[in-house]
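[1] I need the structure of the sequence given here:
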Amino acid sequence: MSRIPQHFIDEVIARTDIVDVITQRVPLKKAGREFKACCPFHDEKSPSFTVSPAKQFYHCFGCGEHGTAIGFLMAYERLTFVESIEELAGALGMEVPQEASAPRPSEDLYRLLGQAGDFFVRSLKNAPDAVDYLKRRGVSGEIAKDYAIGYAPDEWDALMRALGDADKRRLLAAGLIIARDDNSGYYDRFRGRIMFPIRDHRGRVVAFGGRALTDNGPKYLNSPETEVFHKGRELYGLYEARQSRADLASLLVVEGYMDVVGLAQFGVRNCVATLGTSTTADHLKRLFRIASEVVFCFDGDRAGRQAAWRALNVSLSEIRDGRQIRFLFLPDGEDPDSLVRAEGEDGFRARLANARPLSEFLLDHLREQVDTDSLDGLARMAELAKPLVAQVPKGVYRDMLTVRLAEIVGLPPERMADHLPANRTPGRAPASRPQQVRPRSPLVGRAIGLLLHHPAIAANAQTPANLGESTTPGMEVLTTLIEQLREHPHLSTAGVLERWREHKFFPRLEALASTEALIDAKQAVSELNGILNKLSRGETAHRCAQLVEKSKHEARDEQEQRELAALLASRVSTNDT
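    Just a heads-up that it's a prediction; the model follows:
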């Protein structure tokens, strides 16, 4: 499989400021040399979540969650390690290199999907009906190129023939072909359709959407879910939006491929579409990594408002201070594509500017369910609002929403707050951690902790030779850590930890890093060398005891006699000093 080079991970960690990473997701406040906030991983009233710029490390004294910027993204955003590196590197404008070895099965799927996309683009040039359709919809050659729009020939095996010797089982796994019912072979999934490639955050094709040119079969056909494609996570047009130079402070969510393409044609490039499914929490997480505002665009009819209400319910747990969600409802009979053609970019953007805030849509929707002229109706409205407001994470936004609700139902805000249940989604529970491996010697743990708090002191560490042969649990980690820091003297605490992420001792290292340093670097050097000398004397005493014990049961050989004499002399010399 491909692996990210260690030197690149070191550079990303060195150039990343964990305060910036976390502030984009959790509002932090300065508190002395550190920053604080209410923990995003558990429900609390007073802040116990701290972020240390010096260590590039976060720690919650309430729930114990801690880690580096990479660890935060893995726990908070539910990203993999590689995705976290890609996220941080992308923010720094760095391209992630790969150390290639044996390809992963998923890489084979990416390759096949990419080849299929290239084939569909080539096929469009020889499909006058498809070209005419796109022209009628006002799609220019430039936009078709930017979105890699193609065409699947109306033939049973055009793609299979184009890909030649491709393994049919892999094509099936990629969702590009379908097995015949009688097991006599396969046929292309997409035939006679305008093809819209769905690309992931790295620009790799992971799936397709196909729009039929005739009335035969469904109007739109999407790829099935595969090893590399999950429709509840991907968004059509997100990659293209990021590649454009548009201001992505806000992202517009629409329902169809042609809506995205049509809006792009008129300069609205901050647009994405869900893939035949309702908006999910994963969709919103991806959107809020890029923009602070999300605007949902729906038809103004009953079905559109029902879809908007479903989106609102999913959105509540993702709303927090600094984020905004709004809803744009279109006139009857219009979709984003038709509306932007009728009103132009300026007219469409004017509608966007007047999109309704989530709070307004929520409260108006509840009003419609009750009789607000009666006490019974107002009480019913408060009851309907309780489970919805409870989903909003604690913060200024939730407080203000509670105040507005209290005004409507006629209660003092504090009384309204008392009636609300505790937040049912207090935060993202961090990924489960492996059981910690603890050294038996507290001195080893203390020495490792000093190195984690002050990595630069390794240059002045005086490491006795006998520690390298020790079998004391944790000693190998200690000596390796010293060697590592001597070789890479500029590593921060976070940089050290990320080099040990795959080691079984990693949870213990994180726990040690989360403790307070208490002493400065000069004092740490003195204490570290004192610990190393004490550990060395302990190793000497342990070895002496081993040799003496052995002599009780069998004769020592000449080499062991010399070793014991040297060890005893060493102990006498040490005691004399």
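
[2] where along the stretch 101-250 of the chain do the strands fall?
    150-152, 177-179, 186-188, 193-199, 205-212, 220-222, 250-254 (DSSP state E, counting those that start in this stretch).

[3] Pull the residues that contact the longest one.
    Applying Cβ atoms under 8 Å, 6 or more residues apart in numbering, the set of residues contacting strand 205-212 from outside is 110, 113-114, 116-117, 120, 148, 152, 175, 190, 192-200, 218-223, 226, 228-229, 231, 234, 236, 257-258, 275-276. (Glycine included, C-beta is placed from N, CA and C.)

[4] Give the buried subset of the residues you listed as a PyMOL selection command.
    Filtering these down to the buried ones (16 or more other Cβ atoms under 10 Å) takes a single PyMOL command:
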select buried, resi 110+113+114+116+117+120+148+152+175+190+192+193+194+195+196+197+198+199+200+220+221+222+223+226+228+229+231+234+236+257+258+275
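
[5] out of the strands of the stretch 101-250 of the chain, nearest to Ala541?
    Using Cβ to Cβ as the measure, strand 205-212 is the one of these that comes nearest Ala541, at 61.2 Å.

[6] and that closest one, how far out from the chain's middle?
    The chain centroid and the centroid of strand 205-212 are separated by 25 Å under Cα atoms, centre = their mean, to the nearest Å.

[7] Give me the contact list for stretch 65-78.
    Everything outside stretch 65-78 that qualifies as a contact, by Cβ under 8 Å, 6+ apart, is 13, 16, 18, 21-22, 25-26, 39-42, 56-60, 79-81, 83-85, 87-88, 282, 285, 289, 428, 430-431, 494, 497-498, 501, 510-511, 513-514.

[8] Flag every buried residue along stretch 316-331.
    For stretch 316-331, by 16+ other Cβ under 10 Å, it's 316-320, 322-330.

[9] Show me the contact partners of it.
    With Cβ under 8 Å, 6+ apart, stretch 316-331 has contacts from 26-27, 252, 281, 284-285, 288, 292-300, 304-305, 308, 311-312, 315, 336, 339, 351-352, 355-358, 361, 388, 391-393, 395-397, 425.

[10] Mark which of those residues are buried, thanks.
    For the contacts of stretch 316-331, buried by 16+ other Cβ under 10 Å: 26, 252, 281, 284-285, 288, 293-299, 304-305, 308, 311-312, 315, 336, 339, 351-352, 355-356, 358, 361, 388, 391-393, 395, 397.

[11] got the CA positions of the helix or strand hosting Ala511 in PDB?
    Taking DSSP states H and E as the criterion, Ala511 maps to helix 506-513. C-alpha atoms of helix 506-513 as PDB (Å, rounded to 0.1, in the frame of the first residue of the first chain):
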ATOM      1  CA  PHE A 506       1.400   5.300  22.200                       C
ATOM      2  CA  PRO A 507      -1.600   5.700  24.600                       C
ATOM      3  CA  ARG A 508       0.800   5.900  27.500                       C
ATOM      4  CA  LEU A 509       2.900   8.500  25.800                       C
ATOM      5  CA  GLU A 510      -0.300  10.600  25.100                       C
ATOM      6  CA  ALA A 511      -1.200  10.300  28.800                       C
ATOM      7  CA  LEU A 512       2.200  11.400  29.900                       C
ATOM      8  CA  ALA A 513       2.200  14.300  27.500                       C
END
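
[12] Great, nothing more from me.
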